[in-house]
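Just a sequence and a predicted model for now, questions to come.
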Amino acid sequence: MFGKSKKAEALAADITDFTAVRGRSLWNDALRRFLRNKAAMASVFVLGLIVLFVLFGPLFAVWSNEEIDWVVMGDVLALGAPSLESGHYFGADDLGRDLYSRTIQATRTSLLVGLIGAGMALIVGTAWGVIAGYFGGKLDSVMMRFVDILLAIPLTLILILILVIAGRSFVTLFIALGAVSWLTMSRIVRGQTLALKTREFIEAARAGGVSETAIIFRHVLPNLMGVVIVYASLLVPEMILAESFISFLGLGISEPNTSLGRLIAEGAGTMAYGTLWQLLYPLFFYVTIIITMFFIGDGLRDALDPKDH
Amino acid sequence: MLSYVIRRLLIAVPTIMLLVIAAFFMMHVAPGGPFTSERPLPPEVLANIEARYGLDQPLWKQLWDYFTNIFLHFDFGPSFRYKDRDVNDIIAQGFPISLTYGSLAFLAASLVGITLGIAAAIRHNTWLDYFAVSLGIAAQALPNFIMGPILILTFTLWLGWLPGGGWNGGQWPYLIMPVIALSTSYMGNIARITRSSMLEVMNSNFIRTARAKGLPERAIIWRHAMKPTLLPVVSYLGPVFVYVLTGSVFVDIYFSTGGLGQSYVSSALTRDYAVLLGITILYGALTVVVNLLTDLAYAWFDPKIRY
């Protein structure tokens, strides 16, 4: 009938091709949505530049963050201004230290604070929320009442209290940030878990004899990931803000370590003498980080939780 | 409604009590104190000082005294640092100042923020809308401790219009910058929340019905859209109050207003635990009360809500 044409052969091959079309997972969808979000992608790019600056900036530094430029120290206003010749690209502070190296050091601290604070919230908050929500009953009400009470106290004050009592250091700072950051996260996770555990697929898993731990790890946690990631990304700028706030007050990180809040405080203290670069460079990095993190968080929310918008 | 109020009160009161107890134990776990110095005091002297402040009593007795003094006499005890002042004096001196500009900032943030948000939603996609949106984004990056230096730089150092700090009995030139510094960030957030809430409400079915009935736009906005719009805003006002409280710590220091924040930070630096805890408990209790009020306002706004 058809004869032996090339066309017919191709058609036959096409019809008998049984390789399945690879489906797109929800994560792929989310990724595509995120990549299409211009504000978020621009923010990722800018934030990436800042990270590169923190990683490779020290290679170009003439002065280290601890060296004191004795020539500049006496007359910072005249000699300490940003210039390429003196090697102080961002200028010098009132003690003659190089602001370029100090800014790199401070940006690194602030980024670390944001990541570690949000990371601790992610781990502790998720664990707390899943356990309370999944097992319910007495355990749930005790655990959540505890969260309610802690949430009733202004978190910054708890942060200050912990730092005063345990002594100010990098480790206590991270522990203190972790101690205050997980509360809201645990509430959100608990709410989601409560909604999830009545769903049919959990019931089916239980009917099939899957153990409780396996249900939590294989079925509950993966379904929580979207919400958790979105909220953690919004926590990063919040942590940076909180740390900068207490460092500004002089209660956070102490010398020789520094953070953006500390540098902004120093810059704000000396701006009356006209050494404005001390305020503006740290301020620029600070504002850029916060705004880009905000857009990235917003983009993640749009990508992972499209129902909301 | 009444049973809901009572139930919420039953949660709030123990929370404040637990706060006091937890704060008390934190004070005792803490290493060192205001009396530890590089040159140790002779043991007899130290014993005398400790007896003066009741620190030689058994722990439960100290806790009981602290607890009853606070709840029965509203007395936070003496300062460990300043021999002639007790915590109540310090609070009485600084708190009215912080409260004055704090409540002004709270009012400014809510009123301007809500108005701006509603105006932006009604004039969707106009310059006013874009202004509100950009303020909402900028608000993320302009917390009080960033606004403070920027304001002083502009209005004191460059323009010379406003005094760079001080209080002077709360005259208005001394109030402007603290209020702006404290409120900008939350103003932006409130405007953002109000705007998106209003946009959502204006697209809902009951508004379409009201339009179909031929109601004038003003009646639709005021009588039908306002209450559901303000629901998420009201629930955000509690947190805003907390932020204003903690933010006032910065404003007190940066603008030298003589408010409570200055005592708070100096007591943290000198380990004057009595003052530190007194202020923490005061702020914590205020937070609990304001959260209670927000929840009640929320329940009044939305009869569906019962926790």
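Happy to help now that I have it. Being a predicted model, the structure only gives us computed values, none of them experimental.

In the chain, which residue is most central in space?
Looking at chain A here, since you left the chain open. By Cα atoms, centre = their mean, chain A has its centre lying nearest to A:Val236, at 3.1 Å.

meant chain B, my bad for not saying
Geometric middle of chain B (Cα atoms, centre = their mean) lands on B:Leu245, at 2.5 Å.

What confidence value was assigned to that residue?
We have a pLDDT of 82 for B:Leu245.

now do B:Gly32
Per-residue confidence at B:Gly32 stands at 63 (pLDDT).

Count the neighbours of the closest residue to chain A within the stretch 1-150 of chain B for me.
Using Cβ to the nearest Cβ, the closest approach of the stretch 1-150 of chain B to chain A is made by B:Pro149 at 3.7 Å. Where you see a C-beta, it was placed from the backbone N, CA and C, and this is true even at glycine. Using other Cβ atoms under 10 Å in any protein chain shown, B:Pro149 is surrounded by 22 other residues.

which residues does the closest residue to it other than its chain neighbours contact?
Spatially, and ignoring its direct neighbours in sequence, B:Pro149 is nearest to A:Ala268 (3.7 Å; Cβ to Cβ, 6 or more residues apart in numbering or on different chains). With contact taken as Cβ atoms under 8 Å, 6 or more residues apart in numbering or on different chains, A:Ala268 is in contact with A:279, B:148-149, B:152, B:254.

circling back: which secondary structure element is home to the residue nearest to the centre of chain A?
helix A:221-248 (DSSP states H and E).

buried sites along that helix?
Of the residues in helix A:221-248, A:221, A:223-224, A:226-248 count as buried by neighbour count, 16 or more other Cβ atoms under 10 Å in any protein chain shown.

on that earlier part again, name the helix or strand for the residue nearest to the centre of chain B, please.
Assigned by DSSP H and E, B:Leu245 falls in helix B:226-254.

Repeat that for B:Ala181.
Going by DSSP H and E, B:Ala181 is in helix B:172-202.

Tell me if that helix is near chain A.
No - judged by Cβ under 8 Å from any Cβ of the partner chain, helix B:172-202 stays clear of chain A, getting no closer than 9.3 Å.

buried ones in that helix?
B:174-199, B:201-202.

any bit of the helix holding A:Val236 sitting next to chain B?
Yes - Helix A:221-248 reaches chain B (Cβ under 8 Å from any Cβ) through A:237, A:241, A:244-245, A:248.

Mind pulling up the pLDDT for whichever residue of chain A sits closest to chain B?
The nearest approach of chain A to chain B comes at A:Ala268, 3.7 Å away (Cβ to the nearest Cβ). Here, the pLDDT recorded for A:Ala268 equals 79.

Look up phi and psi at it.
Per-residue torsions, A:Ala268: phi -70, psi -30 (degrees, to the nearest 10).

can you check the one 4 residues further on too?
A:Ala272 has phi and psi values of phi -70, psi -20 when expressed as degrees, to the nearest 10.

That one touches B:Leu157, doesn't it?
Yes - contact criterion Cβ atoms under 8 Å: A:Ala272 and B:Leu157 qualify, at 6.4 Å.

Can you pull the residues of the stretch 101-250 of chain A lying near chain B?
Residues of the stretch 101-250 of chain A lying near chain B (Cβ under 8 Å from any Cβ): A:148-149, A:152-154, A:156-157, A:160-161, A:164-165, A:167, A:237, A:241, A:244-245, A:248-250.

Tell me where the chain is predicted with low confidence.
Let's take chain A. For chain A, the stretches with pLDDT under 70 are A:1-3, A:20, A:69, A:71-81, A:84-87, A:96, A:306-309.

Sorry, I should have been clearer: chain B.
For chain B, the stretches with pLDDT under 70 are B:30-39, B:54, B:56, B:81, B:83, B:170, B:303-307.

In it, which helix is the longest?
Longest helix in chain B by number of residues, with DSSP state H as the criterion: helix B:87-122.

C-terminal to it, what's the next element?
Remark: after helix B:87-122, the chain's next helix or strand is helix B:127-141, criterion DSSP H and E.

CA atoms only for the helix or strand containing B:Glu44 - export them in PDB, please.
If you go by DSSP H and E, B:Glu44 is part of helix B:43-52. Once non-C-alpha atoms are left out, helix B:43-52 reads as follows in PDB (Å, rounded to 0.1, in the frame of the first residue of the first chain):
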ATOM      1  CA  PRO B  43      36.000  39.600 101.500                       C
ATOM      2  CA  GLU B  44      34.400  41.500 104.400                       C
ATOM      3  CA  VAL B  45      33.700  44.500 102.300                       C
ATOM      4  CA  LEU B  46      32.200  42.300  99.500                       C
ATOM      5  CA  ALA B  47      30.100  40.500 102.100                       C
ATOM      6  CA  ASN B  48      28.800  43.800 103.400                       C
ATOM      7  CA  ILE B  49      27.900  45.000  99.900                       C
ATOM      8  CA  GLU B  50      26.200  41.800  99.100                       C
ATOM      9  CA  ALA B  51      24.200  42.000 102.300                       C
ATOM     10  CA  ARG B  52      23.100  45.500 101.400                       C
END
